[in-house]
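Chemist: no sequence on hand, only this structure:
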């Protein structure tokens, strides 16, 4: 993984000093909350329902053991003993005192971490395929490019105050596990007829109030021109993006308003004017960044264990993924215990995970967009002791990719923007499906829950989405069906009127029961839904009780 150079270290330390002064001026009244708000947001501090929240950046979701131990210590010393991993592969601490934030940032800086640009109208944390460097279907590791984008975008003076927040993702595999088409810019690494790798570029995706899928603006972009093209896109957006209406300020609205062809033409005009200039990436610098992201080699690969307890074998079946290197496996660590809070990890669990990352994970662990953790490189001979250790800490739930692997935003338990609870709904769904045996029976299906229209829980791209809203002071929940996150990305459709929260788990259970009745052969839920249409599932949701 990447190591800070002197410029990274200096930038982060100077930023902490600047923010420490801003906090002091807020606390003694020299800054009002309105004046302080844009300053704290640029440093990852939100004001939620009950307290300030600090969002810490985890670039392309990658951590080492020392960083995980620091997160554990912060959770224990400055928070209430836990952290919450997000769909953007960051971690949030929900209860820090504002006076403690500078000390937290200092501890983060000691292990090359920060909270810069995890909020605000700027370029946010760049994400990548969590299996980068490990996936058997990988064309090229996307992490070096995500790191190049991180270095270019951090405190970029031209793009610090954009019309709205801006999210970029990089995917280097045949399967899209980064969700490119629901990002402001999605970069898919491709190989042309000459065998050279470059980028297929997608622009204008996003979720929230007006979900849209990105359009393809480039079939092949040469790697050396990456920053020039990103600059061209952002300049067109910065010039034309709506600043008079926050609900129409995202680039997805601009692409739709101009039309994909006209928008692309403007980008190409700007790109032609700046390509080949100072933003062109030198081959030596690309090569230097790549040296930080080698895939490990195994001298004496061991086969997968054939024996073991039934629980161990079941966990391998559900939570292990194939690795590109013989003798290694990638292991999903589910943060979705049945009835638990999706994405939460206690300080004790984080301490254990740091130890396991060091002992069994070649000192690397990842955060996934599904709010789980991933050990990308585990020797096959270490799988059983790893499982035993995870099991002892409640971290061996064998449900990766199943219906109980539910994604959820914090909702009205924490967020000041939320209009309904989401965590209790996700917990109740998980318990209902597990009790009925439906999670295992239904196989791969995604369920995602949101507590407001901003869609931090990504309900739009769930096979089954749940959106909580407020109606005359009462919480109610819309059900969407047919969303998808990857190469077959789709926005789910609302199937009917909203439900009371207590009715949602049973409705979801009936949807899965209907799928089991309708599927043919080994059809997945989403394939059955696309074949049959939504009407049969709609009838199941609204059946008379």
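Modeler: Sure, I can see it. The shown structure was predicted, so the numbers you read here are calculated from the model rather than taken from an experiment.

Chemist: could you use CA atoms for every contact and neighbour count after this?
Modeler: Fine.

Chemist: centre of the chain to the lengthiest helix in the chain, how far?
Modeler: Using DSSP state H, we find that the single longest helix of the chain is helix 6-27. Chain-centre distance of helix 6-27: 26 Å, with CA atoms, centre = their mean, to the nearest Å.

Chemist: report the buried residues of whatever helix or strand comes next after that helix.
Modeler: Using DSSP states H and E, the helix or strand that follows helix 6-27 in sequence is helix 33-41. Going by neighbour count (16 or more other CA atoms under 10 Å), the buried part of helix 33-41 is 37-41.

Chemist: contacts for helix 33-41 next, please.
Modeler: Contacts to helix 33-41, defined as CA atoms under 8 Å, 6 or more residues apart in numbering, come from residues 19, 22, 26, 46, 117-120.

Chemist: parallel or antiparallel, which strands does the helix or strand following it pair with?
Modeler: Next in sequence after helix 33-41, counting helices and strands by DSSP H and E, comes strand 45-47. Sheet pairing for strand 45-47, assigned by DSSP bridges, gives strand 52-56 (antiparallel).

Chemist: quick one: mean pLDDT over the partner strand.
Modeler: On average, the pLDDT along strand 52-56 is 97.

Chemist: tell me the strands beside the helix or strand just after it, with direction?
Modeler: Going down the chain from strand 52-56, the next helix or strand is strand 62-63, by DSSP H and E. With DSSP bridges as the test, strand 62-63 is paired with strand 365-367 (antiparallel).

Chemist: any stretches of the stretch 101-250 of the chain with poor pLDDT?
Modeler: The stretch 101-250 of the chain contains no residues with pLDDT under 70.

Chemist: which parts of it are helices?
Modeler: 101-110, 143-153, 226-240 (DSSP state H, counting those that start in this stretch).

Chemist: name the next helix or strand downstream of the last one, please.
Modeler: In other words, helix 226-240. By DSSP H and E, the next helix or strand past helix 226-240 is helix 251-258.

Chemist: what residues sit buried inside that following helix?
Modeler: 251-256.

Chemist: ok, which of the helices of the stretch 101-250 of the chain comes nearest residue 389?
Modeler: Residue 389 lies closest, by CA to CA, to one member of the helices of the stretch 101-250 of the chain: helix 101-110, at 26.7 Å.

Chemist: identify the residues contacting stretch 21-29?
Modeler: By CA under 8 Å, 6+ apart, stretch 21-29 touches 31-33, 36, 39, 98-99.

Chemist: what kind of secondary structure is residue 71 in?
Modeler: Three-state assignment for residue 71 (DSSP: H, G, I helix; E, B strand; the rest coil): helix.

Chemist: now do the buried residues in the longest helix of the chain.
Modeler: Buried-residue list, helix 6-27, by 16+ other CA under 10 Å: 9, 12-13, 15-16, 19-20, 22-23, 26.

Chemist: strands of the stretch 151-300 of the chain, residue ranges please.
Modeler: Taking DSSP state E, counting those that start in this stretch as the test, the strands found in the stretch 151-300 of the chain are 168-171, 185-191, 197-203, 215-221.

Chemist: remind me what the first one packs against, helices and strands.
Modeler: Contact here means 3 or more CA pairs under 8 Å, 6 or more residues apart in numbering; DSSP states H and E; on that basis strand 168-171 packs against strand 127-128, helix 143-153, strand 185-191.

Chemist: any idea how far it is from the middle of the chain?
Modeler: 11 Å.

Chemist: neighbouring strands - and their directions - for it?
Modeler: According to DSSP bridges, strand 168-171 has these partners: strand 127-128 (parallel), strand 185-191 (parallel).

Chemist: what lies in contact with that strand?
Modeler: Contacts for strand 168-171 (CA under 8 Å, 6+ apart): 123-129, 142-143, 145-146, 177-180, 183-189.

Chemist: now with 7 Å, please.
Modeler: Under the criterion CA atoms under 7 Å, 6 or more residues apart in numbering, residues 126-129, 142, 146, 178, 180, 183-189 lie in contact with strand 168-171.

Chemist: check which residues of it are buried.
Modeler: By neighbour count with 16+ other CA under 10 Å, strand 168-171 contains the buried residues 168-171.

Chemist: closest to residue 269 out of the residues you listed?
Modeler: Of the buried residues of strand 168-171, the one sitting nearest to residue 269 (CA to CA) turns out to be residue 168, at 21.5 Å.

Chemist: and that closest one, bridged to which residues?
Modeler: So, taking DSSP bridges as the rule, residue 168 has residue 185 as bridge partners.

Chemist: picking that back up, distance to residue 386 for the strands of the stretch 151-300 of the chain - can I get that in JSON lines?
Modeler: Formatted as JSON lines, these follow (distance: least, CA to CA, whole Å):
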{"stretch": "strand 168-171", "distance to residue 386": "28"}
{"stretch": "strand 185-191", "distance to residue 386": "33"}
{"stretch": "strand 197-203", "distance to residue 386": "36"}
{"stretch": "strand 215-221", "distance to residue 386": "42"}
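
Chemist: can you say which of these is nearest to residue 86?
Modeler: Here strand 168-171 is closest among the strands of the stretch 151-300 of the chain (CA to CA), at 15.0 Å.

Chemist: ok, back up a step: from the strands paired with strand 168-171, which stretch is densest packed?
Modeler: strand 127-128 (a mean of 32; mean count of other CA atoms under 10 Å).

Chemist: need the contact partners of it.
Modeler: 59-61, 88, 142-143, 146, 168-171, 178.

Chemist: which pair of those residues spans the longest distance?
Modeler: Most distant of the contacts of strand 127-128, by CA to CA, are 88 and 142, 16.1 Å apart.

Chemist: now tabulate the strands paired with strand 168-171 in a markdown table and tack on distance to residue 522.
Modeler: Shown next, in a markdown table, are those (distance: least, CA to CA, whole Å):
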| stretch | distance to residue 522 |
| --- | --- |
| strand 127-128 | 30 |
| strand 185-191 | 29 |
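
Chemist: quick one: which of those is nearest residue 443?
Modeler: Comparing those by their distance to residue 443 (CA to CA), the top pick is strand 127-128, with 25.2 Å.

Chemist: tell me how far that closest one lies from the chain's centre.
Modeler: For strand 127-128, the distance to the chain centre is 8 Å (CA atoms, centre = their mean).

Chemist: please renumber so the chain begins at 531
Modeler: Right, with 531 as the first residue, what we last looked at is strand 657-658.

Chemist: which residues of the stretch 831-980 of the chain fall in strands?
Modeler: Under DSSP E, counting those that start in this stretch, the stretch 831-980 of the chain gives strands at 850-852, 858-863, 874-876, 895-897, 903-909, 937-938, 977-980.

Chemist: start and end of stretch 648-662, how far apart?
Modeler: In terms of CA to CA, to the nearest Å, the two terminal residues of stretch 648-662 are separated by 22 Å.

Chemist: out of the contacts of stretch 551-559, which is nearest to residue 761?
Modeler: residue 569 (24.1 Å).

Chemist: tell me how far residue 726 lies from residue 960.
Modeler: 45 Å.

Chemist: neighbour-wise, which of the two wins?
Modeler: For residue 726 versus residue 960, neighbours defined as other CA atoms under 10 Å are more numerous around residue 960 (25 against 11).

Chemist: okay, that one: pLDDT?
Modeler: 98.

Chemist: how about the contacts made by residue 656?
Modeler: By CA under 7 Å, 6+ apart, the neighbours of residue 656 are 589-590, 676, 680, 697-699.

Chemist: now those as TSV including distance to residue 881?
Modeler: What follows is those, written out as TSV (distance: CA to CA, whole Å):
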residue	distance to residue 881
589	20
590	21
676	27
680	27
697	30
698	31
699	29
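
Chemist: selecting buried members of these in PyMOL, what would you type?
Modeler: Filtering the contacts of residue 656 down to the buried ones (16+ other CA under 10 Å) takes a single PyMOL command:
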select buried, resi 589+590+676+680+697+698+699
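
Chemist: between the contacts of residue 656, which sits nearest residue 863?
Modeler: Nearest member of the contacts of residue 656 to residue 863, counting by CA to CA, is residue 590, at 17.3 Å.
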